[in-house]
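1. Need the 3D shape of this:
(one chain, ligands or ions: 1)
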Amino acid sequence: MPQTLSDYTPAKVWEWNRENGGRFANINRPVAGATHEKDLPIGKHPMQLYSLATPNGVKVTVMLEELLAIGHSGAEYDAWLIKINEGDQFSSGFVGANPNSKIPALFDHSTPEPTRVFESGSILLYLAEKFGAFLPTEHHARTETLNWLFWQMGSAPMLGGGFGHFYAYAPFKIEYAIDRYAMEVKRQLDVLDRNLGEREYMAGDEYSIADMAIWPWYGALVKGLVYEAGEFLSVQDYTNVIRWTDQIAERPAVKRGRMVNRVMGDPASQLHERHDASDFDTRTQDKIVPAG
Ligand SMILES: N[C@@H](CCC(=O)N[C@@H](CS)C(=O)NCC(=O)O)C(=O)O
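-> This is a model prediction of the structure:
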């Protein structure tokens, strides 16, 4: 029998209950803006990244490492750690970089006035256009890459904010919510699986910013590394997504990018801040499990 009873009736006007019991109740607020005055640090490189190695953050560090790997020295970057659990995203400096108070946020200091770039999809597109890389120029291939880039932007909130939240973080299990989002996430995985059954990468024969956007979320999911939901979602069924996930995980730039701003897992896999290519030298790039 599906769960049907609820003792909750919405009030006439919603009010903020600070202790709602959810995993991130301490940082969630119904208002935007800064909570404290603090400038962001600025390092020596053209690109200044303010981030954390969540799936959204990893997209950008992978892109920067990929650009450096093919010789774009203009992509040299300082990666500063933003501890979202401690409210760093609400400093006046960070809000100046991203009024939406979410990592990742980037400043490009190589432009006459520094250019702020926020939203991971916007950052990937900005860097791809600036350096002419990982975004095909041919009309159909470029459009297909952007199709899948924007697919990720619209789809991942269903995975993270929908499924992940209600399956792993909500203070109690609501069958209706878990059922609704599990169905949607499985549908999304099937979309990816069918596409990757027909082509090597998301947009065709070439690895692109579409792969960089989708891999940190859905690659981690099919490896059972997020929300401890591998068995629940029968992720082993999505064999084409698993093939693509493993293939991308082998890229040296991906191995490096995943370590930057990482604060979890094996200490040897964590590079809390990155200010120089040599910062990786003392770390072991094979210490991270295939995705996540
Ligand atoms: N659509 C945004 C999502 C960014 C996002 O949700 N970032 C999370 C971490 S993965 C965050 O900074 N959360 C902090 C908060 O919500 O206060 C993007 O793709 O950049």
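
2. which element follows the top helix by length along the chain toward the C-terminus?
-> Counting residues, the longest helix found in the chain (DSSP state H) is helix 175-198. With elements assigned by DSSP states H and E, the helix or strand that comes after helix 175-198 is helix 209-214.

3. Can you pull out the residues in contact with that next one?
-> Defining contact as C-beta atoms under 8 Å, 6 or more residues apart in numbering, one finds that helix 209-214 is touched by 59, 62-63, 66, 120-121, 124-125, 128, 134-135, 144-149, 151-153, 192, 201-203, 244, 248. Every C-beta, even on glycine, is put in place using the N, C-alpha and C of the backbone.

4. Please tell me how far stretch 2-11 is from the chain's geometric centre.
-> Relative to the centre of its chain, stretch 2-11 is centred 33 Å away, using C-alpha atoms, centre = their mean, to the nearest Å.

5. whoops, I mixed them up, stretch 62-74
-> 18 Å.

6. Can you list the buried residues in it?
-> Of all the residues in stretch 62-74, those buried under the rule 16 or more other C-beta atoms under 10 Å are 62-68, 72, 74.

7. do that stretch and the ligand meet at all?
-> No. Stretch 62-74 does not reach the ligand (C-beta under 6 Å from any ligand atom); its nearest approach is 12.6 Å.

8. hmm, who's touching that stretch?
-> 46-47, 49, 75-77, 79, 110, 123-124, 127-128, 130-131, 133-134, 209, 212, 215-216, 251-254, 256-258, 260, 277.

9. Please report how far Ala182 lies from the ligand.
-> Distance, Ala182 to the ligand, by C-beta to the nearest ligand atom, to the nearest Å: 21 Å.

10. same question for stretch 108-118, mean pLDDT?
-> Across stretch 108-118, pLDDT averages out at 98.

11. Can you add pLDDT and secondary structure and give the buried residues of stretch 62-74 back as CSV?
-> Formatted as CSV, the buried residues of stretch 62-74 follow (pLDDT from 0 to 100; DSSP: H, G, I helix; E, B strand; the rest coil):
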residue, pLDDT, secondary structure
Val62, 98, helix
Met63, 99, helix
Leu64, 98, helix
Glu65, 98, helix
Glu66, 98, helix
Leu67, 98, helix
Leu68, 98, helix
His72, 98, coil
Gly74, 98, helix
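
12. What is the nearest of those residues to the ligand?
-> Distance to the ligand across those (C-beta to the nearest ligand atom) is lowest for Met63, with 12.6 Å.

13. Roughly how far does that closest one sit from Val13?
-> According to C-beta to C-beta, to the nearest Å, Met63 stands 43 Å off from Val13.

14. And Phe280, by the same measure?
-> 52 Å.

15. the more surrounded of these two?
-> Phe280 (16 against 5; other C-beta atoms under 10 Å).

16. Could you pull up the residues touching the more buried one?
-> Contacts for Phe280 (C-beta under 8 Å, 6+ apart) come out as 256, 259, 271, 274.

17. rerun at 10 Å
-> Each residue near Phe280 by C-beta atoms under 10 Å, 6 or more residues apart in numbering is listed here: 65, 255-256, 259-260, 271, 274.

18. sorry, back to before: now a ChimeraX select for only the buried ones of the contacts of stretch 62-74.
-> Command for ChimeraX, covering only those of the contacts of stretch 62-74 found buried under the criterion 16+ other C-beta under 10 Å:
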select :46,47,49,75,76,77,79,123,124,127,128,130,131,133,134,209,212,215,216,251,253,254,256,257,258,260
